[in-house]
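Q: Got a predicted model here, sequence first, then my questions.
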Amino acid sequence: MSWQTNTMVVVARNVGRTLGLNRWIASYFQGSGYETRYDNSFSSTLNLGDCVWDVGANIGYYTRLFSQRVGGNGSVFAFEPSPVNFARLTESCADLYNTTLIQFALGRENGKLSFQQGIDELGATSRVTGSAGGGGQMVDVRSAISLIAQGEVPPPNAIKIDVEGFEYEVLEGLADTLASSILHAIGIEVHFGVLNERGMAQAPQQIVELLHKNGFTVAWPDSSHILAIRNNF
């Protein structure tokens with residue numbers, strides 16, 4: 001078990017989040033550029049010609065970076081369920097010829113779930129609440145394995161996941177694709193506080209175990225991000 005998923009550390013993080021201290025603590029111990037370091041680490045795993053999934057694309061910051069990184073023979077599939085964010089994503093990425101924008105969430109299975117739009121300026125805290133009929137607007141949810149099986153999207157070489165506490169369901173929805181040698185890198189922002197609110201405080205450790213089981217070496221570039229690289233890649 002890594003220290004990031006230790007039970008006492010998870011409890012301390014949840015207390016810090018309640019008190020509004022976590023961002024200050026992260027900046028103090030990791031430096032203000034820790035997210036940039038993670039971004040660079042994940043981007044360095046991408047090759048020209050790769051197929052990259054941007055799961056939780058928001059308004060397209062990473063989508064544009066990935067599009068440039070994989071080049072003309074590569075492809076990017078950007079998933080964003082929020083109608084508000086998707087409109088901005090469409091505008092931001094209108095000039096990207098190797099990118100496909102998809103307006104639904106990825107999850108464990110196909111269906112519809114309640115969705116909450118983030119109140120921040122960029123809508124970055126928008127999230128699936130994880131329950132059908134739980135209030136809020138409803139959005140379409142698809143499992144990754146069903147999309148691949150029906151030929152709607154190709155299997156990914158790399159996946160970036162930033163889905164505000166829904167990350168474990170996204171991985172479960174990949175099913176056998178997680179073990180495929182085609183998939184060589186996964187970057188995940190782990191939202192400890194939201195997972196705790198959902199009663200899933202053990203999900204970070206379960207995510208790590210699932211990745212190990214499917215042939216990945218897992219590293220934490222900082223206290224909130226996982227970078228998983230397939231063994232022998």
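A: In hand now; what should we look at? Note that this is a predicted model, so its numbers are computed, not measured.
Q: Please tell me how far residue 214 sits from residue 233.
A: Using Cβ to Cβ, to the nearest Å, residue 214 is found at 13 Å from residue 233. From N, CA and C alone the C-beta is placed, and that goes for glycine too.
Q: And for residue 151?
A: Using Cβ to Cβ, residue 151 is found at 26 Å from residue 233.
Q: Looking at those two, which has the bigger crowd around it?
A: Each of residue 151 and residue 233 has its neighbours counted (other Cβ atoms under 10 Å); residue 233 has more, 12 against 7.
Q: Contact partners for the more buried one?
A: Applying Cβ atoms under 8 Å, 6 or more residues apart in numbering, one finds that residue 233 lies in contact with 184-185.
Q: And the strands in this protein, which stretches?
A: Using DSSP state E, the strands of the chain run over 51-55, 75-79, 99-102, 105-107, 111-116, 127-128, 137-143, 158-161, 185-189, 216-222, 225-230.
Q: Could you tell me the end-to-end distance of stretch 187-196?
A: With Cα to Cα, to the nearest Å as the measure, stretch 187-196 spans 20 Å from end to end.
Q: Could you list the low-confidence segments of this structure?
A: For the chain, the stretches with pLDDT under 70 are 1-35, 115-136.
Q: residue closest to the middle of it?
A: residue 161 (1.2 Å; Cα atoms, centre = their mean).
Q: That one reaches residue 167, doesn't it?
A: Yes - using Cβ atoms under 8 Å, residue 161 is in contact with residue 167, at 5.3 Å.
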